[in-house]
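Trainee: Give the three-dimensional model of this entry:
(one chain, ligands or ions: 1)
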Amino acid sequence: MARRRQIYEGKAKVLFEGPEPGTLVQYFKDDATAFNNQKRGTITGKGVLNNRISEYLMLRLGEIGVPTHFVRRLNMREQLVREVEIIPLEVVIRNVAAGSLATRFGLTEGTPLPRSIVEYYFKSDALGDPMVSEEHITAFGWANTQDLDEIMSLALRINDFLSGLLLGVGIRLVDFKIEFGRLYNGDDMQIVLADEISPDSCRLWDIHTGDKMDKDRFRRDLGGVEEAYQEVARRLGILPEGGPRDLKGPQTMQ
Ligand code: 5GP
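Mentor: Numbering: from 1, shown residues only. Purely as a prediction, here's the structure:
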């Protein structure tokens with residue numbers, strides 16, 4: 001079998017050349033890293049679950065008109081995506097104080113924020129993803145003010161929609177990280193949601209118990225990482241109990 005050309009290998013995913021021009025295959029690994037690669041491990045089955053969860057969330061976002069790079073899932077670990085020019089920013093949206101925000105401002109984890117906060121970090125492993133302002137972003141040419149308006153508006157829409165969707169299955173969307181890319185069509189350029197949305201890139205807390213259902217279980221050695229990811233998929237109705245054909249819709253919680 002001909003080997004596909006690998007375009008990029010990241011911490012949790014590999015990108016291969018896609019079957020048609022302008023497409024890529026995104027392969028989800030079980031590898032997990034934290035603290036800028038200082039902690040490494042494997043979460044068995046994570047790639048399969050993240051592939052499904054990200055597919056589900058991108059499809060739902062697509063249905064409300066949020067443009068995404070997602071085309072279709074190919075198999076357990078791979079999805080076909082449009083090739084985009086990645087904007088080198090990690091866009092973090094926060095609803096509740098946690099993680100680096102709680103540390104930076106001495107806030108108690110779990111304190112609701114007066115309104116959602118959007119932050120930008122420059123994507124650079126070598127520099128440890130430093131936080132940047134709109135001034136840095138425009139001055140260094142990573143995006144212009146129009147791009148940033150679009151990114152901010154999409155980020156807030158995505159946050160509103162996902163917060164509601166997850167709340168419906170008993171999960172609080174505490175914060176999450178997304179990435180955007182530029183999709184070119186002739187002279188037109190559109191900013192689209194890229195990368196993935198999964199428990200690797202979100203903080204997800206059970207609304208009743210406050211239990212963490214995300215990568216913080218790995219980062220903070222809390223155990224039960226696979227089970228937490230599975231529970232997110234189960235609640236979204238995308239973890240088949242009787243085999244892959246037995247797919248149910250989301251389980252609405254009171
Ligand atoms: P914090 O800044 O509190 O560490 O992270 C905020 C949110 O963004 C968390 O949900 C975290 O999972 C996500 N996040 C921040 N940086 C990264 C990153 O480099 N990779 C991934 N997968 N998620 C990130």
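
Trainee: same question for stretch 220-238, mean pLDDT?
Mentor: Taken as a whole, stretch 220-238 has a mean pLDDT of 97.

Trainee: Could you check that stretch against the ligand for contacts?
Mentor: No - Stretch 220-238 is not in contact with the ligand by Cβ under 6 Å from any ligand atom; minimum separation 11.6 Å. The C-beta positions use only the backbone N, C-alpha and C, and glycine is treated the same way.

Trainee: Show residues contacting that stretch.
Mentor: The contact list for stretch 220-238 (Cβ atoms under 8 Å, 6 or more residues apart in numbering) reads 32, 43-46, 49-50, 52-53, 56, 169-171, 198-199, 204, 211-218, 239, 247-251, 253.

Trainee: And for stretch 15-31?
Mentor: Here stretch 15-31 has contacts from 4-9, 11-14, 40-48, 50-51, 54, 71, 74, 77-83, 196, using Cβ under 8 Å, 6+ apart.

Trainee: Show only the entries of the contacts of stretch 220-238 found in strands.
Mentor: Members of the contacts of stretch 220-238 lying in strands (criterion: DSSP state E): 32, 171, 204.

Trainee: Now pLDDT too, for the residues you listed, in JSON lines please.
Mentor: JSON lines is the format used below for the ones in strands among the contacts of stretch 220-238 (pLDDT from 0 to 100):
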{"residue": "32", "pLDDT": "95"}
{"residue": "171", "pLDDT": "98"}
{"residue": "204", "pLDDT": "98"}
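
Trainee: where's whatever residue of the stretch 101-250 of the chain ends up closest to the ligand, which helix or strand?
Mentor: Proximity of the stretch 101-250 of the chain to the ligand (Cβ to the nearest ligand atom) peaks at residue 177, 3.4 Å away. Per DSSP states H and E: residue 177 is located in strand 171-185.
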